[in-house]
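# No letters, just coordinates:
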């Protein structure tokens with residue numbers, strides 16, 4: 001699984017997100033609401049909520065905003081119920097795309113996602129049409145410059161905690177886990193003070209697709225930008241080799 005670092009893409013994505021903090025805070029706020037409804041407001045007894053809080057902190061979400069979100073979700077029986085919906089399809093050049101959404105209006109979300117695909121010359125497919133080309137994994141990315149541990153020490157810590165794979169890339173360390181082991185591994189690294197740039201359960205492509213002509217690259221970026229701008233969209237996974 002090593003040898004193809006997503007660190008550059010994540011840095012690019014983070015820079016884009018930094019320009020739109022409101023969007024990322026909306027996304028995480030919805031995840032907090034869902035986690036609280038599913039497992040209660042106490043992070044000590046709710047590993048999903050602990051993971052979302054860690055993600056919120058990695059994105060510099062203020063503690064009082066996190067606390068407010070938890071209290072609101074716990075105290076408001078009439079708060080919005082979000083539905084998790086996943087869309088799969090193809091972008092230009094056969095790039096496989098998966099879109100995770102959290103929505104209170106599935107008709108609106110479906111229309112927006114289809115529109116984003118169409119405007120970029122892609123099309124939405126049936127459930128399962130591209131997800132078989134991805135592996136669901138916990139992924140933790142550590143910026144080498146920020147990490148004081150050496151590679152061997154970090155690798156042993158991660159593997160002992162239950163990680164499946166560890167790779168050292170040019171500018172990052174990457175830890176992969178089974179989805180069910182992600183929380184335990186992330187919490188072990190957190191307790192040891194390992195600074196995590198990104199930590200999430202994600203979809204890892206089994207193969208990558210290159211786009212060579214300018215028009216296809218432009219269209220693919222159009223799809224990603226439109227999906228990025230949609231508040232209902234939680235995450236986008238693709239196998240475009242940028």
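Nice, I can see it. Remember, predicted model here, so these are calculated numbers, not experimental data. Numbers count the residues shown, from 1 in each chain.
# hey, let's count contacts and neighbours off CA atoms from now on
Noted.
# low-confidence ranges in this protein?
Scanning the chain for pLDDT under 70 picks out 1-21, 77-79.
# in the lengthiest strand in the chain, what counts as buried?
Longest strand of the chain, by residue count under DSSP state E: strand 134-143. Of the residues in strand 134-143, 134, 137, 138, 139, 140, 141, 142, 143 count as buried by neighbour count, 16 or more other C-alpha atoms under 10 Å.
# ok, now stretch 107-125?
Under 16+ other C-alpha under 10 Å, the buried positions of stretch 107-125 are 109-110, 112-118, 120-124.
# need the contact list for residue 221.
Listed by C-alpha atoms under 8 Å, 6 or more residues apart in numbering, the contact set of residue 221 reads residue 120.
# Of all the residues in the helix or strand harbouring it, which ones are buried?
In this structure, residue 221 sits in helix 214-228 according to DSSP states H and E. By 16+ other C-alpha under 10 Å, the buried positions in helix 214-228 come out as 216, 217, 219, 220, 222, 223, 224, 226, 227, 228.
# Confirm that residue 175 sits in a strand.
Yes: using DSSP: H, G, I helix; E, B strand; the rest coil, the assignment for residue 175 is a strand.
# so it touches residue 137, yeah?
No: counting by C-alpha atoms under 8 Å, residue 175 stays clear of residue 137, with 9.8 Å between them.
# Scan this structure for its longest helix.
helix 21-39 (DSSP state H).
# now that one, how far from the centre of its chain.
13 Å (C-alpha atoms, centre = their mean, to the nearest Å).
# what about the helices in this protein?
7-18, 21-39, 47-58, 63-75, 106-119, 151-161, 182-191, 214-228.
# In terms of secondary structure, what does the second one contact?
Secondary-structure packing of helix 21-39 (3 or more C-alpha pairs under 8 Å, 6 or more residues apart in numbering; DSSP states H and E): helix 47-58, helix 63-75.
# Check the shortest one too.
Using 3+ C-alpha pairs under 8 Å, 6+ apart as the contact criterion, the neighbours of helix 182-191 among helices and strands are helix 47-58, strand 134-143, helix 151-161, strand 198-205.
# buried sites along the first one?
Neighbour-count burial for helix 47-58, counted by 16+ other C-alpha under 10 Å, picks out 47, 48, 49, 50, 51, 52, 53, 54, 55, 56.
# residues in contact with the fifth one?
Going back to what we said before, that points to residue 51. Applying C-alpha under 8 Å, 6+ apart, one finds that residue 51 lies in contact with 183, 200.
# where's it relative to residue 163, distance?
16 Å (C-alpha to C-alpha, to the nearest Å).
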